[in-house]
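**Student:** With the sequence up front, the predicted model follows.
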Amino acid sequence: MAQHFLLSRAAKTLTLAQVFQMKDADAEMAFRRIRWADTNGDPVCPHCGSLDAYDCRRFKGAPRFRCRGCKKDFTITSGTLFASHKLPLRCYLAAIAIFCNEVKGKSALAISRDLCVSYKCAFVLLHKLREAMAEELRGRVVGGEGKEAEVDGGYFGGYVKPANLKEDRIDRRFARNQNGKRKVVVVIRERGGNSVPAVFHSESQASAFIRARIAKGTVVHADEAGSWDNLHERFEVKRINHQEAYSLDGACTNWAEEYFSRLRRAEVGIHHHIAGAYLLRYAQESSWREDNRRVSNGEQANRIAALAMKRGKSVDFTGYWQRHNIGRTGV
Ligand SMILES: [Zn+2]
């Protein structure tokens with residue numbers, strides 16, 4: 001049997017030891033090369049695009065540049081996901097390396113212990129990395145003529161704990177006995193290709209999303225649930241009844257199930273609770289991890305860092321500290 005990718009040498013191109021051996025100047029240069037790849041790390045003014053900038057950092061201060069064109073100051077992370085960062089850049093590289101190495105995900109509490117930062121700092125940092133990953137999924141359309149894609153849904157959140165005594169227990173299958181917090185992650189996954197998830201209140205709301213994200217001419221595979229019936233109007237659909245078989249006559253949703261296996265393990269084993277406002281971000285993280293599972297950890301770290309530097313300020317977390325009125329001590 002072929003060796004599993006994660007056991008191979010090719011999977012390990014970045015170690016934490018390498019990151020911690022870096023001097024601050026090395027980490028700065030690494031980020032500069034990622035941010036300003038076209039000029040091999042030479043600063044480009046984010047305000048006016050001028051290439052003429054000089055180093056104006058204060059004594060022992062963080063790296064800072066001043067543009068000769070517009071006279072404005074900027075840093076390596078100005079206007080990126082890491083704007084106004086408080087930690088040394090080396091810590092961000094370390095966080096990205098740790099985050100990549102955990103194939104099912106990394107809990108914010110664990111990374112707060114790894115890097116000795118507050119839980120909230122770790123929580124925001126990891127969510128920014130998820131936001132960066134999601135950048136790659138934006139507007140993605142999968143499939144095409146002669147290609148096959150699978151569609152499936154998985155429910156998350158809204159757990160209702162059964163009562164202690166049998167006579168007090170309610171039937172949790174009825175909508176009236178649920179708390180309305182349960183949501184469904186619907187994933188579209190091309191066989192041998194990429195995936196794209198979205199979150200809805202029920203599978204039947206996903207039709208427009210599926211129509212927009214699967215190219216015409218794709219053969220779509222789905223299970224026997226009635227919510228997928230209207231896909232027949234637009235696509236050639238192969239259905240698999242899971243009560244009879246998991247794969248029959250070429251029809252199966254095993255690629256989609258693999259995705260849910262990863263997301264479910266992230267929920268049960270790492271985060272314990274991934275419902276609510278951030279469910280989509282966790283779903284996107286698992287999608288990115290699933291699609292890039294055969295990419296070396298060094299390449300993954302570079303990609304995530306590059307996505308974070310390419311993306312503007314955080315949508316989810318700009319002003320988070322002000323909104324939550326949290327002191328910045330230890331951040
Ligand atoms: Zn400028």
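**Tutor:** Right, received. Where do you want to start? Residues are numbered from 1 along each chain as shown.

**Student:** contacts, neighbours, all on C-alpha from now
**Tutor:** Fine.

**Student:** Enumerate the residues of the stretch 1-150 of the chain near the ion.
**Tutor:** The stretch 1-150 of the chain has residues Cys45, His47, Cys48, Cys67, Gly69, Cys70 near the ion, with proximity defined as CA under 5 Å from the ion.

**Student:** could you redo the last one with a cut-off of 8 Å?
**Tutor:** 44-50, 52-53, 66-73 (CA under 8 Å from the ion).

**Student:** out of those residues, which are inside strands?
**Tutor:** Ala53, Arg66, Cys67, Asp73 (DSSP state E).

**Student:** For the stretch 201-331 of the chain, which segments are assigned as strands?
**Tutor:** Along the stretch 201-331 of the chain, counting by DSSP state E, counting those that start in this stretch, strands occupy 219-223, 236-240, 247-248, 251-252.

**Student:** ranges for the helices of the stretch 1-150 of the chain?
**Tutor:** 16-21, 24-35, 89-101, 108-115, 119-137 (DSSP state H, counting those that start in this stretch).

**Student:** swap that for the stretch 151-300 of the chain, sorry
**Tutor:** Counting by DSSP H, counting those that start in this stretch, the segments of the stretch 151-300 of the chain that form helices are 207-213, 254-265, 279-291, 297-310.

**Student:** Quote the end-to-end distance of stretch 80-87.
**Tutor:** 15 Å (CA to CA, to the nearest Å).

**Student:** buried set for it?
**Tutor:** Thr80, Leu81, Phe82, Ala83 (16 or more other CA atoms under 10 Å).

**Student:** Dump those residues to a markdown table, plus pLDDT.
**Tutor:** A markdown table is the format used below for the buried residues of stretch 80-87 (pLDDT from 0 to 100):
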| residue | pLDDT |
| --- | --- |
| Thr80 | 90 |
| Leu81 | 89 |
| Phe82 | 88 |
| Ala83 | 85 |
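
**Student:** For those residues, please prepare TSV with the additional fields distance to Lys181.
**Tutor:** Putting the buried residues of stretch 80-87 into TSV (distance: CA to CA, whole Å) gives the following:
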residue	distance to Lys181
Thr80	33
Leu81	30
Phe82	32
Ala83	33
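
**Student:** out of the ones in strands among the residues of the stretch 1-150 of the chain next to the ion, which are buried?
**Tutor:** Ala53, Arg66, Cys67, Asp73.

**Student:** Just the pLDDT at the residue nearest to the second one when sequence neighbours are not counted, thanks.
**Tutor:** Just to be clear, that refers to Arg66. Using CA to CA, 6 or more residues apart in numbering and skipping residues adjacent in sequence, the residue nearest Arg66 is Asp73, 4.4 Å away. Residue-level confidence at Asp73 comes out at 94, pLDDT.

**Student:** who's in contact with Asp73?
**Tutor:** Arg64, Phe65, Arg66, Cys67 (CA atoms under 8 Å, 6 or more residues apart in numbering).

**Student:** Bridge partners for the third one, pull those for me.
**Tutor:** Beta-bridge pairing for Arg66 (DSSP bridges): Tyr54, Asp73.

**Student:** What's the separation between it and Cys56?
**Tutor:** Counting by CA to CA - Arg66 and Cys56 are separated by 6 Å.

**Student:** Where does pLDDT dip in the stretch 1-150 of the chain?
**Tutor:** Applying pLDDT under 70 to the stretch 1-150 of the chain flags the ranges 1.

**Student:** quick revisit: can you tell me which of the helices of the stretch 151-300 of the chain is packed in deepest?
**Tutor:** Stretch with highest mean neighbour count among those: helix 279-291 (a mean of 23; mean count of other CA atoms under 10 Å).

**Student:** and that helix, what other elements does it pack with?
**Tutor:** Counting contacts by 3 or more CA pairs under 8 Å, 6 or more residues apart in numbering; DSSP states H and E, helix 279-291 is packed against helix 119-137, strand 195-200, helix 254-265.

**Student:** Where does the prediction get shaky in the stretch 201-331 of the chain?
**Tutor:** Checking the stretch 201-331 of the chain against pLDDT under 70 turns up 319-331.

**Student:** May I have the residues that are in contact with the residue nearest to Ala11 when sequence neighbours are not counted?
**Tutor:** Spatial nearest neighbour of Ala11, excluding adjacent residues (CA to CA, 6+ apart): Ser296 at 4.1 Å. By CA under 8 Å, 6+ apart, the contact list for Ser296 reads Ala10, Ala11, Lys12, Thr13.

**Student:** Equivalent analysis for Ile76, please.
**Tutor:** Ile76 touches Glu28, Phe31, Arg32, Arg35, Pro43, Pro63, Arg64, counting by CA under 8 Å, 6+ apart.

**Student:** Which one of the residues you listed is nearest to the ion?
**Tutor:** The shortest approach to the ion among the contacts of Ile76 belongs to Pro43, at 10.3 Å (CA to the ion).

**Student:** can you tell me how far that closest one sits from Met309?
**Tutor:** 13 Å.

**Student:** now swap in Ala225 and tell me
**Tutor:** Taken as CA to CA, the span from Ala225 to Met309 is 41 Å.
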